[in-house]
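>>> only geometry, no sequence info:
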Ligand code: GCO
């Protein structure tokens, strides 16, 4: 692959999300999101008791952040807009200061020639909507989201070539499962746990579909629209038929849950069979709305696992309050003879192993086996947490992130191989993340940036991985 080139117009850059990098949480009229509550008022939900109040302050420092991106030659940037900055109560009055802020942000990107791939929702559900009716567990949120999304799209479409309606809908409900079980859900009459997960997923799908159909058919938007899926590559533990079946069912639960309705108009049969009444149903009209509602497939793919069968899938999938994905397989660690295992993130975050060969297989699996109807695919997030990175006391060590550099290069090489050798129509790759930021439940304890963030001075310093990545794109872009 030494001389191989990416396809023409390949979109690449760095990614991020509003609550994770903006800071300025209490400033200029922003309303609270569920994450403000979680990080401030639910003890133990963030390991180091940090929050997104200030961390990063991209809200004030965006000009310098963009100037650096431009200087370094990154053509795209993938941030998200904060819903509660525009509608502090989720619906109703607009916060003019927040709107002016994003007007300025978009204008600055346009001025510098950096293309935005913009997410409309990255988990920061307006708290008012959660308190009022249970957030994404309630179908009422669909209209509130659609109202917000149409407003933003109408305002910025001219400058935004790629829209993501929802980031990783698989996780929407998991956000709420952080709440002490039982304390919140009963007031919405749904009880904690499993039912809420499937309801949240259902409502995100309908909200996405309404916006996407409007975008294409009525508004006739200039850009492309989709939602960002989340998933890992699975390979069977053994050659047994049980393990092979476990892989295919796990893909149904992780990717088919959202990909099925989009490509076929309905949930995969295995979800219906396993979940019974827990899984909401679509009306015929809704099926038509959802089918074909995405322009391309977007996958956030960080890692891969060997997986195998478990005894009681039904008990697992219908389990009450479990967070994360309901893939219901046994997982074993990647072994050295696995799908191209590289350095391990074990000591950084346990779920993340470097599996560069896995991304190549995953791209093939998604586009050729699982969803042959998708026209093209982008890897909208991948990235790495270096072990011990938070503990370094000098900037030289903290920016000498050779494991992350190796991870990124391995993934890029394999994305390139997928494009050139496997003929997968892969059209973009975004690295998580622009700089160290608020890593949800891991707070500031886990760093994902290709720039080091000094949490006190807010200074950003490029890490070795950023330079290596830029160099890679010079060669292959
Ligand atoms: C997402 C991701 C990010 C995380 C990243 C590292 O949903 O887009 O979860 O928000 O920070 O994946 O864990």
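Arrived safely, thanks for sending. Being a predicted model, the structure only gives us computed values, none of them experimental.

>>> and residue 89, what does it touch?
Contacts for residue 89 (Cβ atoms under 8 Å, 6 or more residues apart in numbering) come out as 31, 126, 128-129. (Each C-beta comes from the backbone N, C-alpha and C, glycine too.)

>>> neighbour-wise, which of these leads?
residue 126 (28 neighbours; other Cβ atoms under 10 Å).

>>> Which of the contacts of residue 89 sits closest to the ligand?
Closest approach between these and the ligand, by Cβ to the nearest ligand atom: residue 126, at 17.9 Å.

>>> about what we covered before: among the contacts of residue 89, which ones are in helices?
Per DSSP state H, helices hold the following members of these: 128-129.

>>> Can you tell me which residues in the stretch 351-477 of the chain are near the ligand?
With Cβ under 6 Å from any ligand atom as the criterion, the stretch 351-477 of the chain comes near the ligand at residues 381, 432, 439, 448.

>>> Report the contact partners of the second one.
By Cβ under 8 Å, 6+ apart, the residues touching residue 432 are 14-16, 300, 302, 381-383, 448.

>>> cool, the first one as well?
Neighbour list for residue 381: 15, 228, 300-302, 430-432 [criterion: Cβ under 8 Å, 6+ apart].

>>> redo that, cut-off 6 Å
15, 300, 430, 432 (Cβ atoms under 6 Å, 6 or more residues apart in numbering).

>>> Columns pLDDT and secondary structure on top of these, output as TSV?
Below are the contacts of residue 381 laid out as TSV (pLDDT from 0 to 100; DSSP: H, G, I helix; E, B strand; the rest coil):
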residue	pLDDT	secondary structure
15	98	strand
300	98	strand
430	98	strand
432	98	strand
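
>>> where does the stretch 301-450 of the chain dip in pLDDT?
Within the stretch 301-450 of the chain, the ranges that satisfy pLDDT under 70 run 319-325, 332-348.

>>> all strands of it, in order?
Counting by DSSP state E, counting those that start in this stretch, one finds strands in the stretch 301-450 of the chain at the ranges 304-308, 330-332, 377-382, 426-432.

>>> TSV for those, including distance to residue 114?
Below are those laid out as TSV (distance: least, Cβ to Cβ, whole Å):
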stretch	distance to residue 114
strand 304-308	31
strand 330-332	38
strand 377-382	17
strand 426-432	13
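
>>> of these, which approaches residue 250 most closely?
strand 304-308 (5.9 Å; Cβ to Cβ).

>>> in the stretch 1-150 of the chain, what residue is nearest the ligand?
Nearest residue of the stretch 1-150 of the chain to the ligand, counting by Cβ to the nearest ligand atom: residue 17, 5.3 Å away.

>>> how many other residues sit next to the residue lying closest to residue 223 once chain neighbours are set aside?
Sequence neighbours aside, residue 161 is the residue nearest to residue 223 in space, at 4.7 Å (criterion: Cβ to Cβ, 6 or more residues apart in numbering). Using other Cβ under 10 Å, residue 161 has 14 other residues around it.
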